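Colleague: what would the 3D arrangement of this be:
(chains A, B and C)
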Amino acid sequence: MRYIGRRLVIYAVTLWAAISLNFFLPRLLPGDPAAILIAKMSRNGDVTDAQLQSIRRLFGNPEASLWTQYIEYWQQLFRGDLGTSVSFYPTPVTELIGAALPWSIGLVGMATIISFTVGIGLGMFAGWKRGTWVDHIVPSTTLLQSLPYFWVAMVLIYFFSVQNQWFPIIGGYNVFMFNGPEWSWDFVGSVAYHAVLPATTIVISSVGGWLLGMRNMMVSTLGEDFVVTAEAKGLKKRRIMTTYAARNAMLPSIAGFGVALGFVVGGFVVMETVFSYPGIGKLMITAVRGNDYALMQGVFLVITLTVLVAMFITDMIYGLIDPRARQNV
Amino acid sequence: MIRTTGRKRVIAAASMVAGLSLLVAGCSDAEESTDDPTTDATTSSETTDSASAGVKTDRELVVWAGAQTPINQTFNPFVPEVQHLALGGVYESLFYYNKAGAGDPKPLLGESFEWNEDGTQLTISIREGVKWNDGEDFTTDDVIYSFTNSIAGPDYITGAEATDDSTVVLTFDEPQFTNELSVLGLTWMIPQHVWADIEDTALEFANLEPVGTGPYTIGSISDANYTGVANPDYWAGEPNVTNVRYIGIDGNQSAEDLLRTGQIDWVGMFVPEPDGLIDAGIGYINTPQDPAVLYTCSNADLGCEGDQTDVAVRQALNLAIDRTAIKDKAFVGLTGTISPTFALLGRDDKWISPDVEAESPQSPNIEEAQAILEEAGYTKGDDGFYAKDGDPIEMSLTSVDGWTDFNNAAKLIEEQAAAAGIKVTAATVSWNEFADGRTNGDYELIMGGMIGTSVADPFQLYKDWLGGDATTPAGTALEPGDWNFSRYDNDIVNEQIQAAAATNDEATKMEAYAVIQEEIVRDLPYIPIVINATQTFYNQTDYTGWPTEDNLFAFPPAWGSGAAGVVLSSLGGAE
Amino acid sequence: MSDVATTTSVPPADPAEVDKGKDETRRVRRPVNGKFIIGATMLSLIVLFAIFGPIIAEFDPRNSNNPVLVPPDSTHWLGTTSLGYDMFSQMATGARTSLMVGIVAGLIAVTLSILFGVIAGYVGGLTDEILTLVIGVMLVIPGLPLTIVISSLVPGRSGLLVAVILGITGWAGAAVVLRSQAQSLRNRDYVSASRIAGEKPLRVIGVEILPNLLPLLTGQFLFGVIFAILGEAGLSYLGLGPTGSISWGTILNEAQAGGALTRGAWWWFVPPGIAVALVGCSLALINFAIDEVINPKLRSAPLEARRVRKAKAAARAQKRADRAAKRQEAKA
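Modeller: Coordinates of the predicted model:
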């Protein structure tokens, strides 16, 4: 219990520091959001005083001291109010994030799980087959891992969506058929179909990492005495591979998996841009380009929270599995 | 598993849609042939009663008007992120001013208008028998409300009253000839019975079921798309294309891919190599309209800094630029030739003074450029660059990252200027830095665009971009609606702008313009480069009635505000 | 935050085993590490290209005075871009920038992770708490978004600036590993001994701790370089890469903006992507080899397995031969 309590305090402090940083960082960017909105509106004609006032009311007074703004920011946070987006005026930030979050978690989360499962499976196999031809294939996966994401994505689109029209080019679902998300099998099918290329991109670029890590741990573990003993006892090979070696070899990978899941939400900005995928990454880049402080802070907050939660869960699991971790706070 | 079911379903859907449109085409064929003999695209658009060409079709027309995902869900005409179909498709102005041609404005909710002698009174006769799409009558009260509401009513309108059921008279304190376009062409008619109650919070109103008079109503909206449905009670008759769908796309590459694979039907965007698309049977029209120029922060008196504040440097740079190379390489040969007077060649020729060169030089003249510099006291250093009193000419040239044609043009200008001994360094910046820099006068050179005038007269450009009233000292942001980023402030020009604004007499205006043109062609506060391409691609297989070279009845690109209604309601299914 | 040791950090558990490994390598011909050789060769070729490429290139990378979009031929070895830039010169100049970004960012990241990770782990107490907090914050604020914000903050980004940004946003993960390693080293006898002997903490870190972490640091540096080069390419794709200089990332960005793929100009789009991948691959291979040095089991186990398998196969062959011989005998 002390272990958990202590970790919780550390996480709380980290969260506070991260949120404060989220607050100050965007304010260093050039330009003031209200001014940008006014500039945009003036393209359609004159901006009246009434309009100016209502905009100032929404975006706060830039002349107020940073400290006052900081306090107001915390008050807003506790009310669950993340402010109003400039880029998507007058939509509230919470609504935008709420709409984007399921897409990011669904696609990237799924792809990360697939990548992890495939990588661990292949890694286990490669570790078991140590000293054979498989050893020569393993290093080549590093080449895939080193290709830029967007490059892979664009090549995939070119071959599988333009040259051969097997897969869609954009979107999280068929935007030509559905007037927005709905609950029907057709829609679910469409979502799955549209996820194929983005997910493939992620898997191609990340599976090598899992594979290598797992393979190396597997090889190390297979050299341990308890495995040698098991072999000597004449246990079945499959049983040794899965129950004895793989289970222990997987520990570090599980920790890594927790961290990777944490980055699901914000880690794939570039991929989401290439596929016009309606996730959090897209929102973030829109926010940065439009100097949309409120949206930026909201997105950062969500990313920070997911990473923290993922790490906390990993920590807890690790604390359970491996008693040494508890000593080593 | 997923792949096969997904594919089958899509193929099935596609063939179903194709089947449907065939069916519909088959049905309506019989009707149309008896009803309307003029189904030819070029003739039908000129008849005002039956606006649409072709036959009725419910094949959904897919449009990309430049929206990115997630789509901003608002049809409020007063917020900048309003979705495209709202302006022109749902809300209409009194008249449509065709940016692409020199003809008279097309009557929409207005039928005719007349100025009084001194430009202080505008009498508009309003179309009768029009209904809002919620069933209420469109009246002169709505027109007056649209001009006088506190949300965005222009403040130069001092009075608006109805003299009878179909006439509205607007009065002004000063001559407002020059605001004709914004009053008649850009003020959207909104229903008083909807907006009067929410005037105070109008900006926060998402307006998802907009009440307008236009040819379309809104069907649905989501983060990724929205749909429009033909308005059966439209005053000019229900449009032939009954369903349109606007989608959000995040990059030109994706849009080009979708166009190539036949998934979108109407788009206006820059495609470096349109031939491939044309060969695939996609309709294409290029209508160069907007000047691409180098903004120069030109006026040291108003606080501009940098070597470009010296007129000799600007003149030399103007001569050093190889416009042919820029046109061929950066703009892939798609641009038009620019006039240093900023009048649109071809459309506005009559306004160009005979005393100035009508076209900017198309090939570089390095000797003359260097002669100008040497006369102004610059000497060429050992490194090949000119300097004055040991202080070399050095200017930064920025462009917005991702505006590929501009980025490339800037790179070429850097190279060409270097060949003449002028050091220019090109870099890309974010849109925000660009906007901040130009509005605050905190830049040296920017590769940027000017907004071409929507009527066949360069006046608006002179007033908004070159007038001393439209600028502020560097360090102070320009007022909204002002565009004089160069901080140019020339008394002679200012005086002539005043003179031209107060008259509707062509000869007087020409005289004034001649003086203005002489000044700006010499001073070069904006160094003209090219008239930028405006490319439009459209599906000519399934639809007919598009604006073409021969019949430019509207500004063709899908992003053109206001044109959406005019173009969409002119279309019909191909037979 | 989590005390997860990487695979690389498993110390040789049993001295006897290490000896056995040495023994074996002496007896069996010491296997030249093929991965290291391939990786190092690839890397040297790329570095040589970066050094000499711009010198042997015939064209200025910014000279547009060439025909546009020419496929590779004898004049333009890698073709030209839509503005007529020579791709070979662009790639060569880009190699310098990209490698520079990678190395600088890698060095900054390693330095920072040592500064925070090792000191936190070794000193402990309040210092540890504070430094760990900093590491934690840097870890939960994901790198790319932070990079986007910082780089849109600074107008006119040079390659060096992008490198610095990537460096200061990408060190936290390594610091976590270093901290736990330093913590465990701190309790080793020889470290305790020098501490009790009154050595200054900095000296202990420099003399006793860092040398032991050297293989791990090298691995982290190599990964830092890979991530920085990939990060630079990603930033350039989003339009936030270095302005005014040519890197593989900016070439890719221009290629995709210029519609290289749809215009069939593969020579404009493919080489920079492959080049980035090759650098990554070569560094990963070298790291692979380093892993095997740190953790001899990685090397010895496959060899062992192979020997066992060969022995078994030999035994089986022997058995078969015996049986065959017996049958022969029986027949006879």
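Colleague: longest single helix anywhere in chain C?
Modeller: helix C:296-331 (DSSP state H).
Colleague: what helices or strands is that one leaning on?
Modeller: helix A:185-222, helix C:15-27, helix C:266-294 (3 or more CB pairs under 8 Å, 6 or more residues apart in numbering or on different chains; DSSP states H and E). C-beta here means a position set from N, CA and C on the backbone, and glycine is covered the same way.
Colleague: buried stuff in the helix or strand just after the shortest one?
Modeller: Just to be clear, that refers to helix C:15-27. Toward the C-terminus, helix C:15-27 is succeeded by helix C:34-56 as the next helix or strand (DSSP states H and E). Neighbour-count burial for helix C:34-56, counted by 16 or more other CB atoms under 10 Å in any protein chain shown, picks out C:35-36, C:38-39, C:42-43, C:46, C:49-50, C:53-54.
Colleague: stretch B:437-457 now?
Modeller: In terms of neighbour count (16+ other CB under 10 Å), stretch B:437-457 has its buried residues at B:437-441, B:443-450, B:452-457.
Colleague: and stretch A:208-228, by the same measure?
Modeller: Here stretch A:208-228 shows A:208-224, A:227 as buried, counting by 16+ other CB under 10 Å.
Colleague: in the helix or strand residue A:10 falls within, what's buried?
Modeller: Secondary structure assignment for residue A:10, by DSSP H and E: helix A:2-27. Counting neighbours by 16+ other CB under 10 Å, one finds that the buried residues in helix A:2-27 are A:7, A:10-11, A:14-15, A:17-19, A:21-23, A:25-26.
Colleague: and those residues, which is the shakiest by pLDDT?
Modeller: Least confident by pLDDT among these: that is residue A:26, with 71.
Colleague: for that one, give me its contacts.
Modeller: A:291, A:293, A:296-297, C:149 (CB atoms under 8 Å, 6 or more residues apart in numbering or on different chains).
Colleague: tell me which residue in chain A sits closest to chain C.
Modeller: For chain A and chain C, the shortest gap (CB to the nearest CB) falls at residue A:146, measuring 2.3 Å.
Colleague: that residue: neighbour count?
Modeller: 23 (other CB atoms under 10 Å in any protein chain shown).
Colleague: point me to the residue of chain B nearest chain C.
Modeller: For chain B, CB to the nearest CB, closest residue to chain C: residue B:401, 3.8 Å.
Colleague: where does the stretch 151-300 of chain C dip in pLDDT?
Modeller: Applying pLDDT under 70 to the stretch 151-300 of chain C flags the ranges C:151-156.
Colleague: shaky segments in the stretch 401-550 of chain B?
Modeller: If you take pLDDT under 70 as the line, the stretch 401-550 of chain B has these spans: B:480.
Colleague: likewise for chain A?
Modeller: Short version for chain A, where the test is pLDDT under 70: A:1, A:28-64, A:266-267, A:321-329.
Colleague: get me the contact residues on the stretch 201-329 of chain A for chain C.
Modeller: Within the stretch 201-329 of chain A, the positions near chain C by CB under 8 Å from any CB of the partner chain are A:212-213, A:216-217, A:219-220, A:222-223, A:252, A:255-256, A:258-259, A:262-263, A:266-267, A:269-270, A:273, A:284-285, A:288-289, A:296, A:299-300, A:303-304, A:307-308, A:311, A:314-315, A:318, A:325, A:328.
Colleague: in the longest helix of chain C, which residues are buried?
Modeller: C:296-305.
Colleague: kindly report the same for stretch C:210-222.
Modeller: C:210, C:212-213, C:215-222.
Colleague: checking the closest residue to chain B within chain C next. Helix, strand or coil?
Modeller: Residue of chain C nearest chain B, by CB to the nearest CB: residue C:239 (3.8 Å). Three-state assignment for residue C:239 (DSSP: H, G, I helix; E, B strand; the rest coil): coil.
Colleague: give the buried residues for stretch B:231-248.
Modeller: Those would be B:231, B:234-248, for stretch B:231-248 by 16+ other CB under 10 Å.
Colleague: with stretch A:160-175 instead?
Modeller: For stretch A:160-175, by 16+ other CB under 10 Å, it's A:160-162, A:165, A:167-175.
Colleague: I'd like these as CSV, with secondary structure and distance to residue B:414 appended.
Modeller: What follows is the buried residues of stretch A:160-175, written out as CSV (DSSP: H, G, I helix; E, B strand; the rest coil; distance: CB to CB, whole Å):
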residue, secondary structure, distance to residue B:414
A:160, helix, 39
A:161, helix, 36
A:162, helix, 34
A:165, coil, 41
A:167, coil, 41
A:168, coil, 40
A:169, coil, 35
A:170, coil, 35
A:171, coil, 39
A:172, coil, 41
A:173, coil, 44
A:174, coil, 45
A:175, coil, 40
